[in-house]
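Asks: Based on what follows, work out the 3D shape:
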Amino acid sequence: KILTVEVYSDHLLELGTFSFHYSSVKNLQGEYKGNYMVLWKSDNDGKLTIVSETFGADTYIEPEVVPYADVQVEETNFTAIDNVNKKLIAEIEEFDAVVLKAVANSDGNARAEGFTKDAILLSNFDSIRVGMENIRPKMLKTYTPGMSYIVKHYYNRIYDLGDYVFVAGQYKGGWGDSINGGRFEGNMSNLLKRTKNGKLLMHRQAGNRDRKLVLFGN
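Replies: Presented below is the predicted three-dimensional model:
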């Protein structure tokens, strides 16, 4: 079900929800449902092709329950594309540094301020959140005093859309220590928007977890 389709230069951004019913040896009446975000590119003839797609469950689900869990995916190294403008990469890294600092400090307010007021968030195991009034409570609940997070972002593709920048990549991180902590990783698609003063803010974001959560001490 399509929530919205937005035009950015010669690209279209589609956001919505999905419900996939399936059967397998392990699960005869399975259902996998969640949120998705697709970036399409339009050629001179108006033909659309997918250049990026991210989707994930909207409620908690273990990776082995996902219908394609038995598919073996080769590990890849996520690096910035060589032909991307170095100034643009520096701007993205500057934005990322602010986000990662807020995460490391578990500062929910600072994390929320990294979004535009009319942002749309498709996060892990959650319904779609539209607008700051719905995103800020999510950030305040996730990043609470006393928690210690460490996260690293890896860029896979970067598309310069003028006043907007689309970034597809991967995140890896963890929390706590080797006794009371764990680690996680997944994929992300971020549409950044430039403010009037040129500052980048998160405008549309989708993410999922692509590996089993690892808990230390267990």
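
Asks: In this structure, where is pLDDT below threshold?
Replies: Counting by pLDDT under 70, the chain contains low-confidence ranges at 69-82, 218.

Asks: Dump the helix ranked longest in it to PDB, restricted to CA.
Replies: When the chain is parsed with DSSP state H, its longest helix is helix 86-104. Listed next in PDB are the C-alpha coordinates belonging to helix 86-104 (Å, rounded to 0.1, in the frame of the first residue of the first chain):
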ATOM      1  CA  LYS A  86      34.300  15.100  -2.200                       C
ATOM      2  CA  LYS A  87      32.600  18.300  -0.900                       C
ATOM      3  CA  LEU A  88      29.300  16.400  -0.800                       C
ATOM      4  CA  ILE A  89      30.800  13.500   1.000                       C
ATOM      5  CA  ALA A  90      32.400  15.900   3.600                       C
ATOM      6  CA  GLU A  91      28.900  17.500   4.100                       C
ATOM      7  CA  ILE A  92      27.300  14.000   4.700                       C
ATOM      8  CA  GLU A  93      30.100  13.000   7.100                       C
ATOM      9  CA  GLU A  94      29.600  16.300   9.000                       C
ATOM     10  CA  PHE A  95      25.900  15.600   9.300                       C
ATOM     11  CA  ASP A  96      26.600  12.000  10.300                       C
ATOM     12  CA  ALA A  97      29.100  13.200  13.000                       C
ATOM     13  CA  VAL A  98      26.300  15.200  14.700                       C
ATOM     14  CA  VAL A  99      23.900  12.200  14.500                       C
ATOM     15  CA  LEU A 100      26.500   9.800  15.900                       C
ATOM     16  CA  LYS A 101      27.400  12.200  18.700                       C
ATOM     17  CA  ALA A 102      23.700  12.300  19.800                       C
ATOM     18  CA  VAL A 103      23.600   8.500  19.600                       C
ATOM     19  CA  ALA A 104      26.800   8.100  21.600                       C
END
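
Asks: Now do the phi/psi pair for residue 144.
Replies: Dihedral pair for residue 144: phi -110, psi 150, per degrees, to the nearest 10.

Asks: oh, and call the first residue 27 from now on, that's how I've got it
Replies: Yes, from this point I'll number from 27; that puts the last item at residue 170.

Asks: Okay, buried residues for stretch 216-236 please.
Replies: Within stretch 216-236, the residues that count as buried by 16 or more other CB atoms under 10 Å are 216-219, 226-235. Glycine gets a C-beta too; all of them are placed from N, C-alpha and C.

Asks: Stretch 43-58 too?
Replies: Buried residues in stretch 43-58, counting neighbours by 16+ other CB under 10 Å, are found at 43, 58.

Asks: Same question for stretch 175-188.
Replies: For stretch 175-188, burial by neighbour count (16+ other CB under 10 Å) applies to 175, 177, 179-185, 187.

Asks: Just grab the bridge partners of residue 42 for me.
Replies: When assigned by DSSP bridges, residue 42 has beta-bridge partners residue 28, residue 62.

Asks: Kindly report the same for the one 5 residues further on.
Replies: Beta-bridge pairing of residue 47 under DSSP bridges involves residue 57.

Asks: mind listing what the one helix or strand residue 82 maps to pairs with, with the direction of each?
Replies: Using DSSP states H and E, residue 82 falls within strand 74-83. Here strand 74-83 has these sheet partners by DSSP bridges: strand 56-68 (antiparallel).

Asks: Run the chain-centre distance for the partner strand.
Replies: 12 Å (CA atoms, centre = their mean, to the nearest Å).
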